[in-house]
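Asker: below are the sequence and a predicted model; questions follow.
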Amino acid sequence: MELRIGIIQSAREVELELPDDTDRETLLGQIDKLMAKGEGVFWATDRRGRRVGVAVPRIAWVEVGVAASERRVGFGAV
């Protein structure tokens with residue numbers, strides 16, 4: 001699953017490839033709670049085991065992609 005986070009006043013974004021077993025709804029719930037609180041650090045661990053932290057007040061936007069198992073390839077991908 002791909003996770004992209006836009007940072008306020010930065011032209012770059014944080015892009016992570018999360019493990020396939022990451023539960024999308026749990027991840028979205030975590031992000032919602034932290035964004036509502038408006039403080040703290042959002043921590044995520046990518047496929048390689050690297051931990052990345054982003055200060056919640058600096059988050060401009062978040063995009064959560066679909067799991068690799070849900071991606072369709074080929075002519076029947078409609």
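Answerer: Yep, it's here. All of these numbers come straight from a predicted model, not from anything done at the bench.
Asker: quick one, strands of the chain?
Answerer: In the chain, the segments counted as strands under DSSP state E are 2-7, 13-17, 41-45, 51-55, 59-64.
Asker: counting neighbours, what do you get for residue 32?
Answerer: Counted by other CB atoms under 10 Å, the residues lying close to residue 32 total 11. Every residue, glycine included, has its C-beta placed from N, CA and C.
Asker: low-confidence stretches in this protein?
Answerer: 67-78 (pLDDT under 70).
Asker: OK, contacts around residue 36?
Answerer: Going by CB atoms under 8 Å, 6 or more residues apart in numbering, residue 36 touches no other residue.
Asker: and with 10 Å instead?
Answerer: Shown in contact with residue 36 (CB atoms under 10 Å, 6 or more residues apart in numbering): residue 56.
Asker: ok, now how distant is it from residue 29?
Answerer: Separation of residue 36 from residue 29 (CB to CB, to the nearest Å): 11 Å.
Asker: one more: residue 11?
Answerer: Applying CB to CB, the value for residue 11 to residue 29 is 29 Å.
Asker: ok, these two, which is more surrounded?
Answerer: residue 29 (11 against 6).
Asker: next one: that one from residue 35, what distance?
Answerer: To residue 35, residue 29 is 11 Å away according to CB to CB.
Asker: equivalent analysis for residue 46, please.
Answerer: 21 Å.
Asker: one more: residue 44?
Answerer: 14 Å.
Asker: quick one, which of the two is more surrounded?
Answerer: Counted by other CB under 10 Å, residue 44 and residue 35 do not tie: residue 44 has more neighbours, with 18 against 14.
Asker: list the contacts for the more buried one?
Answerer: Residue 44 sits next to 3, 5, 14, 16, 18, 22, 27, 30-31, 50-54 when contact means CB under 10 Å, 6+ apart.
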